[in-house]
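Asks: Sequence and predicted structure are below.
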Amino acid sequence: MAVHAISRLRALSALTILALALTACMSSNDPPVDDSTQPTTHADSATAVDNGYPVGTGPNPTLPAPEESTLPVVEIAPAVGWPADGAPNPADGFAVTAFARDLDHPRQVLVLPNGDVLVAEANKPETETTPGPMQLAMNAVMKRAGAGVPSADRITLLRDVDGDGIAEERHAFLTGLTSPYGMALVGDTLYVANADALVKVPYTTGATSISATPEKVADLPAGRNHHWTKALVASRDGSKLYVGVGSNSNIAENGMEEEVNRAAVLEIDAATGAVRNFASGLRNPTALALHPGGDVLWAVVNERDEIGNDLVPDYLTSVRDGAFYGWPYSYFGQNVDTRVQPQDEALVAKAVVPDYGLGSHVAPLGLAFYTGDALPARYADGAFIGLHGSWNRKPKVGYSVVFVPFSGGRPSGPIETVLGGFVNQRGDAQGRPVGVAVDGHGGVLVADDVGNAIWRLTASDVPPAAPAR
């Protein structure tokens, strides 16, 4: 079993830990330091530049020495939701509108070929294990951050009838699910990644609801569900489904026996349901996408906590068949995490360096490559990424939608904030970005699970498009 900072926390009483989680001192009045769409006077390393890239980002981020502490840093933005007609702030050259409001914890978004938009409304399922003191504390922290709501267990269909960028119709498309997250359409089959299984249902173009009982394709790791979200994307030919499965811990402190087929991207055969481990050592691969024009699979990954403000960078990376990305033994290549004992030197020697750091503790949960034509040409094939925001860093980081330019199928420049203002000047979270998708008219849709909205980001000089049915 791993040696971990949490083992020291277990020496404290449950009452002490819960008091830490519930105390008001775990949040400040500061907005995120890297949100370029709103003013801030708080200087911090996240605003510094390293070889032209903000610190902790880019293809070769400089990594500081780890800093262990008895108690983890806890700095969250208490969830308050948006005021009436409130909205996030677009960067220069962009405009934002509410595609839909009053949803129930929207997480991921799928745009169907006819322009309809599916939204997975979900939260963490009930755990199959008895939570310990640390988990109770973290549950309290997450509730304050907006993640304590019951799971709607539903996929909702949104339809923009007149092409004005606002959904006039809303339908309960598929219900009775188990914390649905990832979605993929292959021909006339809709696949849904529940917290415990990949399932499928028949789909008919234009349908506003599905009454068929979902059919299981394959079981997915469940149990403790420290990380419950299951990202999903289909191969180009639809024969394989790729599922991102997060770890059951921070650094395997619950034992590696709980990490079987976790911290991994699984490949599932659509015809047989056979499962194989496609790539491993990815602590929490929360969103998957194929780069346009090819079959290269990419993921955004949430890295480990509790070794410092600026460790470990979350990242964007291509995902190679059979590759190992370090977790839990090392990070960003062969940087050994000495908390983990025993080590596995052979695996560490094979650890792949991720392609692009996104910054430490920013919590990327959404990934979409831009395939539309409504934004300037420089955005073509680049990555829009939803950063849900930190809990283990002070000052706050994330809480924004960012863009990473691509050229020749690779990241090609510094990260850019395109949508911010999710945290107000009092340090409260009005919203938190999750999934992103590109709609049929070239707008970028952003799921906001605290603001219960879907935002639509467009160029500021692009008029609404006519509906395409």
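Replies: Yep, that arrived.

Asks: does Pro364 really touch Ala287, like I thought?
Replies: Yes - contact criterion Cβ atoms under 8 Å: Pro364 and Ala287 qualify, at 7.0 Å. Yep, even glycine has a C-beta here, placed from its N, CA and C like the rest.

Asks: who touches both of these two?
Replies: Both Pro364 and Ala287 are in contact with Val300, Ile385, Gly386, where contact means Cβ atoms under 8 Å, 6 or more residues apart in numbering.

Asks: per-residue confidence at the last one?
Replies: To tie it back to what came earlier, the one meant is Gly386. The pLDDT attached to Gly386 in the predicted structure is 98.

Asks: That one: how many residues sit nearby?
Replies: Using other Cβ atoms under 10 Å, Gly386 has 33 neighbouring residues.

Asks: Next one: it from Gly187, what distance?
Replies: Between Gly386 and Gly187 the distance is 28 Å, computed by Cβ to Cβ, to the nearest Å.

Asks: just to revisit the earlier point, can I get the shared contacts of Pro364 and Ala287 in a markdown table including secondary structure and distance to Pro376?
Replies: Converted to a markdown table, those look like this (DSSP: H, G, I helix; E, B strand; the rest coil; distance: Cβ to Cβ, whole Å):
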| residue | secondary structure | distance to Pro376 |
| --- | --- | --- |
| Val300 | strand | 23 |
| Ile385 | strand | 18 |
| Gly386 | strand | 21 |
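
Asks: Now render those as TSV, adding distance to Asp219.
Replies: As requested, the shared contacts of Pro364 and Ala287 are arranged in TSV below (distance: Cβ to Cβ, whole Å):
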residue	distance to Asp219
Val300	25
Ile385	29
Gly386	28
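
Asks: Can you list the residue ranges for strands in the stretch 251-400 of the chain?
Replies: 264-269, 275-280, 285-290, 297-301, 313-318, 330-331, 335-336, 356-360, 364-369, 383-387, 400-404 (DSSP state E, counting those that start in this stretch).

Asks: how about the second one: buried residues?
Replies: Of the residues in strand 275-280, those buried by neighbour count under the rule 16 or more other Cβ atoms under 10 Å are Val275, Phe278, Ala279, Ser280.

Asks: For Ala212, state which of the residues you listed is nearest.
Replies: Of all those, Val275 has the smallest distance to Ala212: 23.3 Å, by Cβ to Cβ.

Asks: Who does the closest one form a beta bridge with?
Replies: Using DSSP bridges, the bridge partners assigned to Val275 are Ile268.

Asks: tell me the pLDDT at it?
Replies: pLDDT recorded at Val275 is 98.

Asks: List the contacts of the residue nearest the centre of the chain.
Replies: What sits nearest the mean C-alpha location of the chain, by Cα atoms, centre = their mean, is Leu365, with 1.0 Å. Contact analysis of Leu365 by Cβ under 8 Å, 6+ apart lists Arg107, Thr229, Thr286, Ala287, Val300, Asn302, Gly386, Leu387, His388, Pro433, Val434, Gly435.

Asks: Go through those residues and name the one nearest Leu177.
Replies: Of the contacts of Leu365, the one sitting nearest to Leu177 (Cβ to Cβ) turns out to be Arg107, at 11.8 Å.

Asks: In which helix or strand does that closest one reside?
Replies: strand 106-111 (DSSP states H and E).

Asks: Following the chain onward from that strand, which element is next?
Replies: Taking DSSP H and E, what comes next after strand 106-111 is strand 117-121.

Asks: before we move on, the earlier item: would you format the strands of the stretch 251-400 of the chain as CSV with distance to Thr37 included?
Replies: Below are the strands of the stretch 251-400 of the chain laid out as CSV (distance: least, Cβ to Cβ, whole Å):
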stretch, distance to Thr37
strand 264-269, 32
strand 275-280, 34
strand 285-290, 22
strand 297-301, 21
strand 313-318, 20
strand 330-331, 30
strand 335-336, 32
strand 356-360, 16
strand 364-369, 17
strand 383-387, 13
strand 400-404, 8
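
Asks: Please identify which of those strands is closest to Asn250.
Replies: strand 330-331 (11.8 Å).

Asks: follow-up on the earlier one: out of the strands of the stretch 251-400 of the chain, nearest to Asn123?
Replies: strand 364-369 (13.1 Å).

Asks: which of the residues in that closest one are buried?
Replies: In strand 364-369, the ones that count as buried by 16+ other Cβ under 10 Å are Pro364, Leu365, Gly366, Leu367, Ala368, Phe369.

Asks: got it, and stretch 411-421?
Replies: By neighbour count on 16+ other Cβ under 10 Å, the buried set for stretch 411-421 is Pro411, Ile415, Thr417, Val418, Leu419, Gly420, Gly421.

Asks: contacts for that stretch?
Replies: Against stretch 411-421 from outside (Cβ under 8 Å, 6+ apart): 32, 34-38, 52-54, 57-59, 87-91, 94, 96, 316, 355-356, 358-359, 383-384, 399-406, 430, 433, 444, 446, 455, 457.

Asks: Separate out the buried members of these.
Replies: Buried, going by 16+ other Cβ under 10 Å: 32, 34-38, 53-54, 57-58, 87-91, 94, 96, 316, 355-356, 358-359, 383-384, 399-406, 430, 433, 444, 446, 455, 457, out of these.

Asks: returning to that earlier point: from Thr97, how far off is the residue nearest to the centre of the chain?
Replies: 22 Å.

Asks: Same question for Gly293.
Replies: Taking Cβ to Cβ, one finds Gly293 at 29 Å from Thr97.

Asks: And for Asn392?
Replies: Distance from Asn392 to Thr97, by Cβ to Cβ: 33 Å.

Asks: And these two? Which one has more around it.
Replies: Set Asn392 next to Thr97 and count neighbours by other Cβ under 10 Å: Asn392 wins out with 20 against 15.

Asks: Apart from its chain neighbours, what residue comes closest to that one?
Replies: Asp305 (4.3 Å; Cβ to Cβ, 6 or more residues apart in numbering).

Asks: bridging residues for the nearest residue to Val296 once chain neighbours are set aside?
Replies: Distance criterion Cβ to Cβ, 6+ apart; nearest residue to Val296, sequence neighbours excluded, is Ser318 at 5.4 Å. The partner list for Ser318 in beta bridges (DSSP bridges) reads Trp298.

Asks: State whether Ala429 and Ser400 are indeed in contact, as I suppose.
Replies: No - applying Cβ under 8 Å as the test, Ala429 and Ser400 come out as separate, 11.6 Å apart.

Asks: Low-confidence ranges, this protein, go.
Replies: 1-27, 31, 38-47, 127-148, 462-469 (pLDDT under 70).

Asks: can you map out the helices along it?
Replies: Using DSSP state H, the helices of the chain run over residues 5-9, 14-22, 133-142, 345-350.

Asks: Leu419 and Asp295: what is the separation?
Replies: On the measure of Cβ to Cβ, Leu419 and Asp295 end up 29 Å apart.

Asks: before we move on, back to that, burial of the residue nearest to Val296, as a residue count?
Replies: For Ser318, the count of nearby residues is 18 (other Cβ under 10 Å).

Asks: what residues are up against it?
Replies: Here Ser318 is in contact with His291, Val296, Leu297, Trp298, Asp355 (Cβ under 8 Å, 6+ apart).

Asks: Please list only the buried members of these.
Replies: Buried, going by 16+ other Cβ under 10 Å: His291, Leu297, Trp298, Asp355, out of the contacts of Ser318.

Asks: what's the burial count for the closest residue to Gly182 other than its chain neighbours?
Replies: Leaving aside its sequence neighbours, Gly182 sits nearest to Leu232 (Cβ to Cβ, 6+ apart; 2.6 Å). When neighbours are defined as other Cβ under 10 Å, Leu232 has 25 of them.
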